[in-house]
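**Q** the following block contains a protein sequence and its predicted model.
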Amino acid sequence: MTERPVVLLTNPIHPEAEAMLAVQARPVTAPDPSPETLRALIAEAEGLVVRVKLPDDILDGATRLRGIVRHGVGLDMIPVAAATARGIPVANLPGSNTQAVAEYVFAALFHLRRQVWRLDGGLRAEGWGAVRPIADGLAEIGGGTLGILGLGEIGGRVARIAHHGFGLRVLGASRSGATLGGLVQAVDLETLFAQSDAVVIACPLTEATRGLVDAALIGRMRSHAVLINVARGPVVETAALATALHSGALAGAALDVFDVQPLASDHPLLACPNLLLTPHVAGITQTSSRAMSVGAVEEMLRILRGDRPRNLVNPEILPETLSA
């Protein structure tokens with residue numbers, strides 16, 4: 001009997017998906033996702049399913065690797081250029097967590113605007129009469145302007161919910177200048193930040209977007225505005241955002257992503273007022289986790305069979321390694 005190919009999982013995946021994989025391959029889950037551990041395990045792997053940032057040199061020891069699949073969407077975790085140079089196909093799962101991230105955006109917006117957590121805590125600790133006046137200073141979401149930086153799958157879903165669900169005016173800034181059929185008003189970055197009551201960062205991390213949301217753009221925001229980042233930490237200049245929050249130049253922010261992850265226990269962001277922090281979980285729910293795991297396994301099995309994955313991100317390697 002032919003030995004099943006080893007597929008390295010940087011982190012655990014949904015049990016149903018792992019069982020699917022185990023029928024045709026031998027899944028090996030890294031005991032921890034450290035660079036040292038991944039480098040040690042990659043030598044035997046013919047497939048790699050990625051949920052953490054890979055070491056830049058991970059492929060140096062990947063002599064048997066036949067394919068890489070991102071358990072999710074963002075490709076900044078994978079050295080795609082190095083994989084392409086070696087003829088290794090890379091696939092991801094666009095749309096697999098779109099709804100989860102979009103819902104997170106509005107959960108964060110409700111957290112910042114309606115502050116139900118504050119009302120609940122105040123009622124329990126101080127009583128009805130003491131906490132009820134807080135509501136007089138809280139803002140509604142509807143009737144305002146939402147700015148979205150990046151109008152891909154996630155940005156587009158957020159725009160549709162904002163427009164159809166809350167009647168928001170939606171501004172968008174993207175490379176394509178997309179308007180989603182007139183639902184979004186395409187504007188430049190300066191206009192988006194200056195006119196929006198809330199700004200959502202939903203663009204990919206590239207050399208062009210690294211540090212894009214700097215002190216100048218944040219400085220254009222209205223004092224009552226809030227910023228929500230569900231893209232990647234380095235898109236936003238952390239120090240500039242912290243300064244705006246401490247000074248009151250910005251009403252609030254929500255960050256699910258950071259320059260360095262995990263967030264250190266003594267990070268300066270933890271001392272910022274009006275800041276919601278979550279550990280890169282905007283796209284993770286029970287539903288999306290299963291969808292991403294099953295999708296990743298299906299793509300990996302296609303690659304191991306020699307078939308083209310549905311979402312091949314480096315098609316230039318196709319003639320050498322995969323059938324059409």
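**A** Received the coordinates, thanks. Numbers count the residues shown, from 1 in each chain.

**Q** Gly211: what's it in contact with?
**A** Pro234, Val235, Glu237 (C-beta atoms under 8 Å, 6 or more residues apart in numbering). Where C-beta positions appear, they are placed from N, C-alpha and C, glycine not excepted.

**Q** ok, 7 Å please
**A** Pro234, Glu237 (C-beta atoms under 7 Å, 6 or more residues apart in numbering).

**Q** how far away is it from Phe193?
**A** 15 Å (C-beta to C-beta, to the nearest Å).

**Q** then Val105?
**A** Following C-beta to C-beta, the distance that separates Val105 from Phe193 is 17 Å.

**Q** and the two? which has more neighbours close in?
**A** Val105 (27 against 24; other C-beta atoms under 10 Å).

**Q** by contact count, what packs against the helix or strand where that one lies?
**A** Secondary structure from DSSP states H and E places Val105 in helix 98-114. Judged by 3 or more C-beta pairs under 7 Å, 6 or more residues apart in numbering; DSSP states H and E, helix 98-114 is in contact with helix 153-160, strand 226-229, strand 252-255, strand 275-277.

**Q** out of these, deepest packed?
**A** Among those, strand 226-229 has the highest mean neighbour count (mean count of other C-beta atoms under 10 Å), at a mean of 27.

**Q** how many other residues sit next to Glu298?
**A** Count around Glu298 with other C-beta under 10 Å applied: 17.

**Q** go on, Glu46?
**A** 19.

**Q** before we move on, what about the one 3 residues further on?
**A** The number of residues packed around Val49, counting by other C-beta under 10 Å, is 27.

**Q** pLDDT weak spots in the stretch 201-324 of the chain?
**A** Counting by pLDDT under 70, the ranges of the stretch 201-324 of the chain that qualify are 319-324.

**Q** mind running it again at 80?
**A** Counting by pLDDT under 80, the ranges of the stretch 201-324 of the chain that qualify are 318-324.

**Q** ok so, going back, so whatever helix or strand comes next after the helix holding Val105 versus helix 98-114, what angle?
**A** Using DSSP H and E, the helix or strand that follows helix 98-114 in sequence is helix 116-126. Helix 116-126 and helix 98-114 are oriented at 50 degrees to each other (axes from the mean of the first three to the mean of the last three C-alpha atoms, to 10 degrees).

**Q** so the longest helix seen in the chain versus helix 98-114, what angle?
**A** Assignment by DSSP state H gives helix 286-305 as the longest helix of the chain. Interaxial angle, helix 286-305 versus helix 98-114 (the same axes, to 10 degrees): 150 degrees.

**Q** quick one, phi psi at the closest residue to His224 other than its chain neighbours?
**A** Spatial nearest neighbour of His224, excluding adjacent residues (C-beta to C-beta, 6 or more residues apart in numbering): Ala251 at 5.0 Å. When quoted as degrees, to the nearest 10, the phi and psi of Ala251 stand at phi -70, psi -30.

**Q** ok now the helix or strand harbouring Ala194, how far from the chain's centre?
**A** Element membership for Ala194 (DSSP H and E) is helix 189-195. Computed by C-alpha atoms, centre = their mean, to the nearest Å, the chain-centroid distance of helix 189-195 equals 22 Å.

**Q** how about stretch 48-66?
**A** 20 Å.

**Q** residues in contact with Pro317?
**A** Check again: residue 317 is Ile, not Pro. Thr84, Gly87, Pro89.

**Q** and these, which of them are buried?
**A** Neighbour-count burial (16 or more other C-beta atoms under 10 Å) applied to the contacts of Ile317 gives Thr84, Pro89.

**Q** check for me that Ile68 belongs to a strand.
**A** Yes. Counting by DSSP: H, G, I helix; E, B strand; the rest coil, Ile68 is found in a strand.

**Q** contact partners of the helix holding Val105?
**A** With contact meaning C-beta under 7 Å, 6+ apart, helix 98-114 is reached by 117, 138-139, 141, 153-154, 157-158, 161, 198, 200, 226, 228, 230, 252, 254, 256, 276, 282-285, 288.

**Q** can I get the helices and strands packed on helix 98-114 in CSV including distance to Ser174?
**A** Listed next are the helices and strands packed on helix 98-114 as CSV, based on distance: least, C-beta to C-beta, whole Å:
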stretch, distance to Ser174
helix 153-160, 7
strand 226-229, 16
strand 252-255, 21
strand 275-277, 25
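
**Q** if you count neighbours, what's buried in stretch 158-176?
**A** 158-163, 166, 168-174.

**Q** for the closest residue to Ala100 other than its chain neighbours, give its distance to Glu298.
**A** Counting by C-beta to C-beta, 6+ apart, Ser288 is the residue found nearest to Ala100 once chain neighbours are left out, at 4.1 Å. Ser288 sits 15 Å away from Glu298, taking C-beta to C-beta as the criterion.

**Q** ditto for Arg64
**A** 21 Å.

**Q** what of Val257?
**A** For Val257 relative to Glu298 (C-beta to C-beta), the value is 27 Å.

**Q** check Gly182 too.
**A** Gly182 is 36 Å from Glu298, where distance means C-beta to C-beta.
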